[in-house]
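>>> predicted model follows, preceded by the sequence.
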Amino acid sequence: MPTFLEELKRYSVVVADTGDLDSIRRFVPEDATTNPSLILQAVKTGQYDALVEKILLESTGAAEKDIDDLCDRLVVAMGREILELVPGRVSTEVNARLSFDTEGSIGKARKLISLYENAGVSRERVLIKLAATWEGIRAAEVLEREGIACNLTLIFNFAQARACAEAGVWLISPFVGRILDWYRKNLPEVQYEPEDEPGVISVRTIYEYFRAHDYPTIVMGASFRNIGEITSLCGCDRLTISPALLEVLSTTEGSLSPLQVDSENRSSTRMEPLTESEFRWLMNEDAMATEKLAEGIRGFEADQLRLEQLLSHWGQMR
């Protein structure tokens, strides 16, 4: 009997949602995704100590004015380490503080790609992660035209996903577990089976719409809380999964069936591209998406600041 992880790999591209090198070696994913929180966790384990020391030695110092650059160099160096272990791509995130700054996001993305290319890594092996705000989506639209593939993250509703596809984004990461978190907090009396969770339904709806209307944008389910959510989305283009859930999937036996696109969707007309005012109105009308997007941006920025403080302290101790 195959394991769930083996079955998933038959139907979806499995991506490791971690910067932990040991986990990547163990579960042999195609790609890996990182974000400020995962980078901070990985640095705290000590496995990147030599890398941090090398970057600090090569820098002019760890003064406050240099910390932003040091972080950029660190995440790219960590990305290079990860790419030694995966055959596909690594996702590297633009600072969350630029989530509402289109030009700033474009500039940061170009810098990260330049650092990768100067280190001998082709841009074809990197995804630039941006929050799926209106400004982030517009930045991605520009970057995609320059051959810089993007991963739009913190997606909580159909409007965000649709706007990304209309902008020609390479990949989106609609969240599952964080949507469930919101519903559990606001509707604690309602119980869901994994396949009926709001987050699972959201990803399935996005996937079916994209496939029915031939959008090339890849759908990568993310932010899982249990393996039932993951197996319910078997067959989705990609699934990015934490090491803890990869462990459970690798030790659970069973067969899985892939998602099927609802043929009725093919008879519907592709909608006209969203305008900025339409996008903002749809977000305003969706309390869950608005709250979780803002919360996610704040959380990533808080961990970015912690990483910067860690590097600053490290530099002062040298």
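Received, thanks. Since we're looking at a predicted model, the values are computed, not measured.

>>> report the distance from the helix or strand harbouring Gly299 to the chain centre.
Using DSSP states H and E, the element containing Gly299 is helix 287-317. Remark: helix 287-317 is offset 15 Å from the chain centroid, using C-alpha atoms, centre = their mean, to the nearest Å.

>>> buried ones in it?
288-290, 292-293, 296-297, 299-301, 303-305, 307-308, 310-312, 314-315 (16 or more other C-beta atoms under 10 Å). Any C-beta I mention is one placed from the backbone N, CA and C, and that applies to glycine too.

>>> distance of Leu8 relative to Ile227?
Per C-beta to C-beta, to the nearest Å, Leu8 is found 10 Å from Ile227.

>>> so between the two, which is more surrounded?
Legend: neighbour count by other C-beta atoms under 10 Å for Leu8 and Ile227, higher for Leu8 (26 against 18).

>>> tell me where this protein has strands.
Counting by DSSP state E, the chain has strands at residues 13-17, 31-33, 90-93, 126-131, 150-155, 171-174, 218-221, 238-241.

>>> can you give the distance of the fifth one from its chain's centre?
Strand 150-155 sits 6 Å away from the centroid of its parent chain (C-alpha atoms, centre = their mean).

>>> quick one: average pLDDT of stretch 90-104?
The pLDDT scores in stretch 90-104 average 98.

>>> ok, stretch 269-286 next?
95.

>>> measure Glu103 to Glu135 for me?
Per C-beta to C-beta, Glu103 is found 9 Å from Glu135.

>>> so for the two, which sits in the more crowded spot?
Legend: neighbour count by other C-beta under 10 Å for Glu103 and Glu135, higher for Glu135 (19 against 12).

>>> that one: what's it in contact with?
Counting by C-beta atoms under 8 Å, 6 or more residues apart in numbering, Glu135 touches Ser99, Phe100, Asp101, Thr102, Ser105.

>>> any chance of those residues in a markdown table, plus neighbour count and distance to Ile179?
Shown next, in a markdown table, are those (neighbours: other C-beta atoms under 10 Å; distance: C-beta to C-beta, whole Å):
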| residue | neighbour count | distance to Ile179 |
| --- | --- | --- |
| Ser99 | 24 | 19 |
| Phe100 | 14 | 22 |
| Asp101 | 17 | 26 |
| Thr102 | 19 | 26 |
| Ser105 | 27 | 24 |
